[in-house]
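Chemist: Provided below are the primary sequence and the corresponding predicted coordinates.
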Amino acid sequence: MLGADRPRGSILRLPRLLQRRLDAAAMAFLYPAKDRKIDFSRPLGEESLAPPDSVSWRIFKNPIALFVGGLAAVVLELAEPAVRAGVWEHSSFRRDPLGRLRRTAIAAMVTVYGARSIAEPMIAGVVRMHAKVAGRTPAGTAYSASDPSLLRWVQATAVFGFAEAYSRYVDPLVPVELDALYREGAPAARLYGALDAPASAAELAALFDSMRDRLEPSPVIFEFLEIMRETPVLPQPLFWMQGMLVRAAVEIIPDSLRERLGLTARYGLRPWERWIVRLAGSLSDRIVLPECPAAQSCIRLGLPINHLYVSVTPRNRIPTDSLRPLAASSTTCSKTAR
């Protein structure tokens with residue numbers, strides 16, 4: 001299993017008060033006072049949909065990769081007219097963006113880390129909710145949120161976003177890890193209704209090629225980016241970084257798609273910002289947050305609380321551009337700056 005024999009990295013040990021504040025801030029985002037907290041440490045011994053030594057578990061513990069990758073995924077989803085209509089007209093994103101982000105984050109955490117007895121009913125509830133969402137795009141095309149082709153695109157953009165954000169700003173993934181990530185997500189994807197989700201980076205590249213002509217620019221994309229710049233998602237001392245992370249999300253979208261969507265260079269990172277985002281991603285990968293889903297799920301399975309906080313030494317890594325399959329395709333081009 002990928003990651004099982006990866007050498008331990010150096011954990012960043014913070015002053016106790018700072019450690020507590022970071023842990024508390026992360027939990028406050030996931031669980032406002034009025035919300036019921038999900039106990040990822042129970043039931044003891046029960047497995048999740050993805051194994052603890054998976055690439056998925058490694059990526060989803062990193063808040064920078066999740067925030068940046070999730071935003072990139074939403075931009076790509078909003079570029080598809082039917083998905084855009086479903087998301088923008090049938091969700092609470094515009095009136096309660098922070099609440100919507102929290103619910104999405106919890107769903108992602110439960111899908112990856114939650115015990116199967118918790119994850120599967122939650123996913124079934126999401127599927128029932130999707131079954132009620134249908135309508136017509138402004139162009140008059142009928143759509144349904146249960147359409148397997150739309151669910152395939154949503155699933156693919158999510159995995160792409162998280163993988164590319166982690167590769168770009170935290171720790172580059174090698175091709176075998178990327179393919180493993182897509183395979184790991186297959187059981188959950190099927191439960192959500194994405195029956196033919198990409199199972200490899202090559203299949204993802206083919207899907208991006210096939211979707212290119214269906215993707216289009218929209219004012220909704222720019223409204224979404226503005227909301228994400230202005231809504232206080234990060235704790236107040238870190239809010240100065242939020243706009244930078246939004247630009248980091250735009251940065252990882254393939255060049256040809258950015259051009260098609262009108263996301264010019266001014267929407268991406270400034271050259272001097274790249275090292276700040278990489279530093280934030282690298283440091284956050286070394287800070288153990290004991291109360292967060294990743295650590296609590298390790299406890300559930302009898303693993304050390306720092307099980308996921310590993311790094312790979314240079315001799316064990318092969319430098320790679322995680323979007324190389326997209327760059328090799330005829331209609332998409334990956335970003336090569338690292």
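Modeler: Right, received. Where do you want to start? Numbering: from 1, shown residues only.

Chemist: Let me know the helix or strand that the nearest residue to residue 263 once chain neighbours are set aside is in.
Modeler: Of all residues not flanking residue 263 in the chain, residue 250 sits nearest, at 5.3 Å (Cβ to Cβ, 6 or more residues apart in numbering). From N, CA and C alone the C-beta is placed, and that goes for glycine too. Using DSSP states H and E, residue 250 maps to helix 242-251.

Chemist: Touching that helix from outside, list them.
Modeler: Applying Cβ atoms under 8 Å, 6 or more residues apart in numbering, the external contacts of helix 242-251 come out as 64, 67-72, 75, 161, 165, 168-169, 225, 228-229, 232-234, 258, 263, 267-270, 273-274, 276-277, 335.

Chemist: same thing with stretch 281-288?
Modeler: 9-12, 14, 19, 22, 61-65, 165-166, 169-171, 295, 305-306, 309, 311.

Chemist: Next, the buried residues of whichever strand or helix holds residue 205.
Modeler: Residue 205 belongs to helix 201-211 when assigned by DSSP H and E. Going by neighbour count (16 or more other Cβ atoms under 10 Å), the buried part of helix 201-211 is 201, 202, 203, 204, 205, 207, 208, 211.

Chemist: Make CSV from those residues and add distance to residue 94 and pLDDT to it.
Modeler: Output for the buried residues of helix 201-211, formatted as CSV (distance: Cβ to Cβ, whole Å; pLDDT from 0 to 100):
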residue, distance to residue 94, pLDDT
201, 34, 93
202, 37, 96
203, 33, 96
204, 30, 96
205, 33, 95
207, 28, 97
208, 28, 96
211, 25, 96
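
Chemist: In this structure residue 37 contacts residue 31, no?
Modeler: Yes - the pair residue 37 / residue 31 is scored as a contact, 4.9 Å apart, by Cβ atoms under 8 Å.

Chemist: which of those two has more neighbours?
Modeler: Comparing residue 37 with residue 31 by neighbour count (other Cβ atoms under 10 Å), the higher total belongs to residue 31, at 15 against 10.

Chemist: Give the buried subset of the contacts of helix 242-251 as a ChimeraX selection command.
Modeler: Buried residues among these (16+ other Cβ under 10 Å), as a ChimeraX selection:
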select :64,67,68,69,70,71,72,75,161,165,168,169,225,228,233,234,258,263,267,268,269,273,274,276,277,335
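
Chemist: Show me the contacts of helix 242-251 that map onto helices.
Modeler: Mapping the contacts of helix 242-251 onto helices (DSSP state H) picks out 64, 67-72, 75, 161, 165, 168-169, 225, 228-229, 258, 273-274, 276-277.

Chemist: Now the buried members of the contacts of stretch 281-288.
Modeler: Members of those classed as buried by 16+ other Cβ under 10 Å are 14, 19, 22, 61-65, 165-166, 169-171, 295, 309, 311.

Chemist: Of those residues, which pair is most distant in space?
Modeler: Across the buried ones among the contacts of stretch 281-288, the longest distance by Cβ to Cβ is 24.2 Å; it joins 19 and 165.

Chemist: pLDDT below threshold where in the chain?
Modeler: Low-confidence segments of the chain, defined by pLDDT under 70: 1-9, 33-35, 310-338.

Chemist: residue boundaries of the helices in the stretch 51-200 of the chain?
Modeler: In the stretch 51-200 of the chain, helices defined by DSSP state H, counting those that start in this stretch lie at 55-60, 63-78, 81-90, 97-113, 116-131, 148-169, 175-184, 186-192, listed in chain order.

Chemist: could you dump these to CSV with distance to residue 221?
Modeler: Converted to CSV, the helices of the stretch 51-200 of the chain look like this (distance: least, Cβ to Cβ, whole Å):
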stretch, distance to residue 221
helix 55-60, 25
helix 63-78, 5
helix 81-90, 8
helix 97-113, 15
helix 116-131, 22
helix 148-169, 13
helix 175-184, 25
helix 186-192, 23
